[in-house]
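1. fold the following for me, if possible:
(one chain, ligands or ions: 1)
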Amino acid sequence: MRITILGAGVIGVASAYWLQKAGHQVTVVEQREGAGLETSWGNGAIIHVSSVQPWAAPGVPLKVLKWLGQEDAPMLLRLSALPRMWRWGLDFLLASRPAAHQAGALSNLELALLSARSMAEIRAETGVEYDCATQCVLKTFADDETLDAAQAAHLALAPHGLVTERLDREACVAREPALGPVSHRIAGGLYFPQDEVGDCNKFSQGLAAWCAARGATFHYGTRVRGIITQGGRVAAVSTSLGEIESDAVVVALGSHSPSVLAPLGIQVPVYPVKGLSVTTPRSVWPEGPRMAILDDSRKFALTPLGDRYRIVGSAEVADYDTTPSPRRIAALMRNVGELFPQLALADSAPGAVRWAGLRPMVPNGRPWIGPTRIPGLYLNTGHGHTGWTMAAGSGRRLAGLLGDRANEMAPLA
Ligand SMILES: Cc1cc2nc3c(=O)[nH]c(=O)nc-3n(C[C@H](O)[C@H](O)[C@H](O)COP(=O)(O)OP(=O)(O)OC[C@H]3O[C@@H](n4cnc5c(N)ncnc54)[C@H](O)[C@@H]3O)c2cc1C
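-> As a prediction, this is how the structure comes out:
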């Protein structure tokens with residue numbers, strides 16, 4: 001089949017890999033000058049099988065309301081965004097019920113575990129380099145109460161394949177000596193042996209080049225204008241380069257998926273939730289952490305990534321704006337500086353990059369992967385805070401649905 005994939009973020013590129021492997025003729029259309037340059041550029045770089053629980057969870061809606069209007073709150077809902085997203089908000093509320101949250105966590109874990117296996121296969125087959133490191137993710141907690149609650153939530157997923165190890169303060173320091181001087185600030189931590197670290201942008205670019213060298217076509221600097229149907233099924237994609245005839249089309253446009261689908265009458269509840277990162281040379285603190293540290297109470301992640309550190313945090317519902325707000329960057333750096341004073345000014349070090357990206361969030365936190373009611377039109381979108389974690393498995397699952405199992409699944413939209 002001639003399959004056109006819209007978007008060359010990590011999801012579009014992983015889809016291209018698996019669809020090409022299944023024998024299809026693949027074309028990818030991307031508005032930027034290369035792969036992985038939007039949300040897949042500056043994310044937290046953690047393949048965190050351990051963090052696939054949907055954000056919609058018991059107690060979260062109340063916290064969001066409490067933080068309304070607080071500029072430096074970890075999760076900020078701007079009042080200006082409310083009129084456009086009341087329906088999304090209502091669905092988020094429903095998805096926060098305990099049973100719905102647990103169902104989302106289980107379904108995401110299954111996909112994340114498939115992804116982890118798929119990543120290992122892709123690495124072995126392609127040799128793509130992306131600063132990959134394994135067995136190096138630790139979440140720290142300020143008090144026993146929150147640590148107990150987090151451990152209980154993770155243990156509920158243990159029968160389904162999630163491995164978690166609880167560490168006391170001393171064991172945390174033994175795993176990550178950089179925590180030594182600040183060990184009085186943590187009660188302990190959870191260590192996740194299945195999690196990995198890697199540069200999502202490098203992976204996307206490397207895998208795209210690998211696919212291109214084997215016959216896939218990547219049209220960079222090319223904007224998708226719309227999807228053309230004929231006789232009720234997909235026929236072509238209209239782009240700034242002209243029309244591309246297609247037997248099937250995969251929409252992998254991240255937060256921008258809804259605007260391309262809406263003219264066809266297909267509504268997907270993907271809404272952008274902005275996050276921030278600072279990427280800074282590792283030389284700012286050469287003796288710093290070797291493990292990725294997620295700090296629960298200060299809501300940041302610090303990821304050693306090749307010769308850089310990446311510091312990540314913040315969730316802001318503020319439409320499609322991708323300007324990193326100075327005030328929220330300052331709040332992020334303040335939080336990091338509280339635990340690691342050596343990094344308090346890392347955002348102004350020579351070579352540091354401040355960045356913002358849009359998590360493509362669906363209310364129940366479960367990505368939309370599969371067919372629509374228009375024959376030939378498929379979705380691979382809505383991966384929210386775990387798109388890097390789930391990319392390899394999402395592409396594989398989609399390729400399965402486009403093959404022999406094409407008629408097994410009911411349309412998603
Ligand atoms: C701060 C932050 C931290 C994160 N940390 C992690 C993490 O540690 N682990 C994890 O698993 N996930 C993380 N994520 C989430 C992850 O980055 C995303 O889920 C993932 O990158 C989404 O990939 P995507 O391919 O769907 O979207 P994108 O990477 O945004 O790709 C969509 C592509 O579509 C293109 N496009 C859009 N419109 C058009 C058009 N009209 N024509 C042509 N092209 C178009 C865009 O240019 C873009 O390249 C984080 C996200 C943020 C913001």
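2. please list the residues of the stretch 151-300 of the chain that sit near the ligand.
-> 223-224, 252-254, 256, 275-277 (C-beta under 6 Å from any ligand atom). C-beta here means a position set from N, CA and C on the backbone, and glycine is covered the same way.
3. swap the cut-off to 8 Å and go again
-> Of all the residues in the stretch 151-300 of the chain, those in contact range of the ligand (C-beta under 8 Å from any ligand atom) are 200, 204, 222-225, 239, 252-257, 259-260, 273-277.
4. over to the stretch 1-150 of the chain?
-> If contact is defined as C-beta under 8 Å from any ligand atom, the residues of the stretch 1-150 of the chain in contact with the ligand are 6-13, 29-32, 35-48, 51.
5. for Met75, report the pLDDT, please.
-> pLDDT, the model's per-residue confidence, is 80 for Met75.
6. which non-adjacent residue is nearest it?
-> On the basis of C-beta to C-beta, 6 or more residues apart in numbering, the spatially nearest residue to Met75 that is not a chain neighbour turns out to be Ala315, at 4.4 Å.
7. sheet partners, orientation included, of the helix or strand hosting the one you found?
-> Under the assignment given by DSSP states H and E, the secondary-structure element containing Ala315 is strand 308-317. Sheet neighbours of strand 308-317, with direction, are listed as strand 75-77 (parallel), strand 271-281 (antiparallel), strand 300-305 (antiparallel) (DSSP bridges).
8. chain center to the next helix or strand after that strand, what's the gap?
-> Counting by DSSP H and E, the element after strand 308-317 in chain order, helix or strand, is helix 326-339. Between the centre of helix 326-339 and the centre of its chain there are 22 Å (C-alpha atoms, centre = their mean, to the nearest Å).
9. identify the residues contacting helix 326-339?
-> Outside helix 326-339, the residues that touch it by C-beta atoms under 8 Å, 6 or more residues apart in numbering are 71-72, 76, 140, 182, 185, 276, 278, 293, 295, 298-300, 302, 311-314, 316, 343-347, 354.
10. give the buried residues for stretch 313-328.
-> By 16 or more other C-beta atoms under 10 Å, the buried positions in stretch 313-328 come out as 313-319, 324-325, 328.
11. do the same with stretch 93-109
-> Of the residues in stretch 93-109, those buried under the neighbour-count criterion (16+ other C-beta under 10 Å) are 95-96, 100-102, 104-109.
12. helix, strand or coil: sort out Asn43 for me.
-> When the structure is reduced to helix, strand and coil (DSSP: H, G, I helix; E, B strand; the rest coil), Asn43 reads as coil.
13. swap in Ile5?
-> Three states are possible here, and by three-state DSSP the one that applies to Ile5 is strand.
14. give the bridge partners for it, please.
-> Bridge pairing for Ile5 (DSSP bridges) gives the partners Val28, Val250.
15. check contacts around whichever residue of the stretch 101-250 of the chain sits closest to the ligand.
-> With distances taken as C-beta to the nearest ligand atom, the stretch 101-250 of the chain approaches the ligand most closely at Val224, which sits 3.6 Å away. When contacts are counted by C-beta under 8 Å, 6+ apart, Val224 touches 6-7, 29, 31, 237-239, 253, 260.
16. quick check: PyMOL command selecting the buried ones in those.
-> Restricted to buried positions by 16+ other C-beta under 10 Å, the PyMOL selection for the contacts of Val224 reads:
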select buried, resi 6+7+29+31+237+239+253+260
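17. and the two most separated of the contacts of Val224?
-> Distances among the contacts of Val224 were taken as C-beta to C-beta; the most separated pair is Gly7 and Ser238, at 15.2 Å.
18. any part of the strand holding Ala315 near the ligand?
-> Yes - remark: strand 308-317 sits within contact range of the ligand at 312-314, by C-beta under 8 Å from any ligand atom.
19. which stretches in this protein count as helices?
-> Taking DSSP state H as the criterion, the chain contains helices spanning 10-21, 60-67, 86-95, 98-126, 144-155, 169-175, 200-213, 257-261, 326-339, 387-402.
20. about what we covered before: beta-bridge partners for the residue of the stretch 101-250 of the chain closest to the ligand, please?
-> Under DSSP bridges, the beta-bridge partners of Val224 are Thr239.
21. mind checking how far it is from Ser283?
-> 40 Å (C-beta to C-beta, to the nearest Å).
22. quick check, Arg97 in contact with Pro58.
-> Yes - Arg97 lies in contact with Pro58 (C-beta atoms under 8 Å); the separation is 7.2 Å.
23. point me to the residue of the stretch 1-150 of the chain nearest the ligand.
-> Using C-beta to the nearest ligand atom, the point where the stretch 1-150 of the chain gets nearest to the ligand is Gly9, with a distance of 2.1 Å.
24. picking up where we left off before, identify, from the residues of strand 308-317 next to the ligand, the entry nearest to the ligand.
-> Taking C-beta to the nearest ligand atom as the measure, the ligand sits nearest to Val312 out of the residues of strand 308-317 next to the ligand, at 4.7 Å.
25. wait, that closest one touches Ala292, no?
-> No - in this structure, Val312 is not within contact of Ala292 by C-beta under 8 Å, at 9.8 Å.
26. got any residues that touch both of these two?
-> Counting by C-beta under 8 Å, 6+ apart, the shared contacts of Val312 and Ala292 are 44-45, 301-303.
27. now for the residue of the stretch 301-413 of the chain found nearest the ligand, how many residues are close by?
-> Shortest the stretch 301-413 of the chain-to-the ligand distance, computed as C-beta to the nearest ligand atom: residue-wise this is Gly387, at 2.0 Å. The tally of other residues near Gly387 (other C-beta atoms under 10 Å) stands at 24.
28. can I assume it is in contact with Met361?
-> No - here Gly387 lies out of contact with Met361, judged by C-beta under 8 Å, at a distance of 10.2 Å.
29. which residue, neighbours along the chain excluded, lies closest to Ala105?
-> Nearest in space to Ala105, with sequence neighbours left out and distances taken as C-beta to C-beta, 6+ apart, is Gln53 at 4.4 Å.
30. give me the pLDDT for that neighbour.
-> So, for Gln53, pLDDT stands at 94.
31. could you do Pro341 as well?
-> Looking at Pro341, its pLDDT is 96.
32. over to Asn407?
-> The predicted local distance difference test score for Asn407 is 59.
33. for stretch 161-172, how far is the first residue from the last?
-> Across its full length, stretch 161-172 reaches 23 Å end to end, with C-alpha to C-alpha, to the nearest Å as the criterion.
34. and for it, what's in contact with it?
-> The set of residues that contact stretch 161-172 without belonging to it, under C-beta under 8 Å, 6+ apart, is 49-50, 109, 113, 138, 140, 147, 151, 154-155, 158, 175, 179, 183, 186-194.
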